[in-house]
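> no letters, just coordinates:
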């Protein structure tokens, strides 16, 4: 099965610091590939390079068989990439419904419609309400007033509105309580198999519960890759990341 | 050929004047995150203080410290009363508040000194011309401005690359949060940078006095050109400010000097040709800016990262 | 202020009532100057509302909006000039003094200028965008100062207001109502736009451009479209002003004029529908009051502005909201 995402020998330096060091990894269709590693390992940097917010110094990113070089973030999203942000990027004055409706609208095509009240348009609000799912009772609440957990959920609903082929999840459980984490794990489990996912996450229980494959990133390099069991047993990972005797 | 050389030097002189303003503007923006429209007003204050002192005492040597003191003092006062409250505001608030400052300062100067422009003579010690190469005389005063301006640029360069203060300034320009986190007295650093910017602007004002008429509105005229410099050179970069200023100064001067000849060749009606060339040459640097935006929107010498 | 909410509708009805009754009140009070003052406020309200579209709704701090105001005015002025002296313009057409031609022409021409300036300026963001819009406006200012053929520094006198049907446009009350019609149309247009799909995207860009890119919106084209619409609105205001004052000059595009427009938007409350109308009224009335007091009124306006920015964010609309919350 050919990969939906293929990262080939990508390098990114910031001055003297190497954030991504000849990194190669792939994501197969329907697979959930988790990326773990200590803080500063360059996980978010990879996501930002996949999105086109940061341009790699060298190497190639192939998505859906197509090289992504030169494509802006918005163009990559239209090719079928979706993402959630580690630090939620929401529009403070817009309601939860506004966000998802806007994403539905963007996915449907251009937005050069100057007339007609968009908020009353059932073609947008209908699908948006469905995507909000468990968040639907909070549809009319402005993002600024949503709780942290609700924001994380909203991030996911927005990304799903774009009907992505590959979802880049940047620490979706960060800062969530136990109950909320369990909810998020369930949500992602429900998506498994339908959408390929690259999951960056610190919550090891969640990662081990969800991932088909785990890669360990240290100083921008991939030091190990394999199933949950293989990673847990890997001595390099123990010393470099999990800390000796910790796992 | 003589004329070209003379105009090139004039361009260089305008260039170093623009640099003195652009350096302050770009540092204040780079380090403090403040866009200060009143920067041109400090130039005006320097020019007025210099001109009035020169008139009253007949001494240009006294005019320089007077201009510096006035601009520095004004700078400190507006930093203390207004700018300080704008650090955490967005650009819009900064633009409007410093626009308010311009309105106030311009009207205040008009009330105090009237609408009539002041004229200052070139100081006797620097009047006249020297032959820079045999057969080509050039104004001593303008040469002095060029020399002093280049020395100041060198000094600023050394300050920024060789001293601890310079290190903080550089770090502050790229990693503002980091410098704050290091426990540096950021207030003091800000005040120093703003004061430095005010002094440079004031000095540019004093030196420009004998070349231009000193009047209300002179500050904004040069401020907008300084914006062009900063956009062409790249925001936050001293190197960009330097080369941007020289490019803009020289292009503007050469266009003003040679456009009329060109237009008279093209348009038969002389007065029409002159009017048209005046318009086109004053548009020149903006066209330059447009070209830079097409090729390198971040500016020619943008700081990395 | 949520569009469509009860208080907005009430405010709109109230504003319309006052604006409609104003010339009659002026007549019965024997103070016809009130009508011309109100005309000025209305024209600037259109200019400010157009700036509000990019600045208030789109978050783009354009500091060169007076350029489009001036371009609109000069389009009317130049067309009239050619009409009066029967000279061909670009060797093609003669000028005209017909409102129904000059007005669309002014809107079109300022839209073209806005497209060119916006296409370049929007390649940058933040502080560069502010500097670039200011610089390009200054460029046009210099251009018109140099155009001796159209009066240069001294400007261009328009001897008669443009003709519109059989209306007596010389009559200030008639002209006031003509202006009022355009104000109502323009504000209705802005209202529709900000609540449309396009408007939703525009507001999203203001609040988080990165988020908009992450849902697949190429923000540049939306910002440019908003900039062009905004330039056209300012051009319309300029064309009305040229008719009102029967005079255009480079001062219409002076950078201080751009500053005034920004002040109006902020004073009235950025990103609110009626804010620009309140802002225009507030600034022009303040100017009128201060100017009656002293010729050097800007010495007061400056500090007032600073105090408002430093201590009363949200402008008049914010103040109204604050008062409402207290009640």
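Here it is on my side, so go on. The structure displayed is predicted, hence computed values, not measured ones.
> measure how buried residue 57 is and give me the count.
You didn't say which chain, so I picked chain A. By other Cβ atoms under 10 Å in any protein chain shown, the residues close to residue A:57 number 14. All C-beta spots, glycine's among them, are computed from the backbone N, C-alpha and C.
> sorry, should have said chain C
With other Cβ under 10 Å as criterion, residue C:57 counts 22.
> likewise for residue C:311?
Using other Cβ under 10 Å: residue C:311 sits among 8 other residues.
> residue B:34 is in contact with residue B:83, correct?
Yes - the pair residue B:83 and residue B:34 passes the contact test of Cβ atoms under 8 Å, sitting 6.1 Å apart.
> give me every residue that touches residue 98.
Because you didn't say which chain, this covers chain A. A:91, A:119, C:200 (Cβ atoms under 8 Å, 6 or more residues apart in numbering or on different chains).
> wrong chain, I was asking about chain C
Residue C:98 sits in contact with C:162, C:163, C:164, where contact means Cβ under 8 Å, 6+ apart.
> by neighbours, which of those residues wins?
residue C:162 (24 neighbours).
> against residue C:69, how distant is the nearest residue to that one once chain neighbours are set aside?
Among residues not flanking residue C:162 along the chain, residue C:99 sits closest, at 4.0 Å (Cβ to Cβ, 6 or more residues apart in numbering or on different chains). In this view, residue C:99 and residue C:69 are 18 Å apart by Cβ to Cβ, to the nearest Å.
> quick one, strands of chain A?
Remark: strands assigned in chain A by DSSP state E are A:5-14, A:17-27, A:32-36, A:58-63, A:66-67, A:81-84, A:166-170, A:196-200, A:213-218, A:221-226.
> return the most buried member of those.
strand A:81-84 (a mean of 26; mean count of other Cβ atoms under 10 Å in any protein chain shown).
> can you count the residues close to the residue in the stretch 101-250 of chain B positioned nearest to chain C?
The minimum distance from the stretch 101-250 of chain B to chain C, using Cβ to the nearest Cβ, falls at residue B:104 (3.1 Å). When neighbours are defined as other Cβ under 10 Å, residue B:104 has 23 of them.
> picking up where we left off before, out of the strands of chain A, which comes closest to chain C?
Here strand A:81-84 is closest among the strands of chain A (Cβ to the nearest Cβ), at 5.8 Å.
> what pairs with that closest one, parallel or antiparallel?
strand A:166-170 (parallel) (DSSP bridges).
> what residues does the partner strand touch?
By Cβ under 8 Å, 6+ apart, strand A:166-170 touches A:4-5, A:27, A:43-44, A:47, A:50-51, A:63, A:80-86, A:156, A:159-160, A:188, A:191, A:195-201.
> mind listing the strands for chain B?
So, for chain B - with DSSP E - the strands run B:129-133, B:136-139.
> how about the ones you listed in TSV, adding distance to chain A?
Converted to TSV, these look like this (distance: least, Cβ to the nearest Cβ, whole Å):
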stretch	distance to chain A
strand B:129-133	43
strand B:136-139	44
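> what's the neighbour count on residue B:12?
21.
> hmm, residue B:246 and it touching each other?
Yes - at 6.7 Å, residue B:12 counts as touching residue B:246 under the criterion of Cβ under 8 Å.
> and residue A:16, how far from residue B:131?
For residue A:16 relative to residue B:131 (Cβ to Cβ), the value is 51 Å.
> more crowded one of the two?
residue B:131 (9 against 5).
> I'd guessed the more buried one sits against residue B:143; true?
No - contact status for residue B:131 versus residue B:143: not in contact, 11.3 Å apart, counting by Cβ under 8 Å.
> could you list the low-pLDDT ranges of the chain?
Since no chain was named, I'll use chain A. A:1, A:241-247 (pLDDT under 70).
> ah, no, chain C please
C:1-4, C:88-94, C:313-327.
> which single residue of it ends up nearest chain B?
residue C:146 (2.5 Å).
> tell me which element the nearest residue to residue B:92 once chain neighbours are set aside is part of?
Nearest residue to residue B:92, sequence neighbours excluded (Cβ to Cβ, 6+ apart): residue C:61, at 5.1 Å. Under DSSP states H and E, no helix or strand contains residue C:61.
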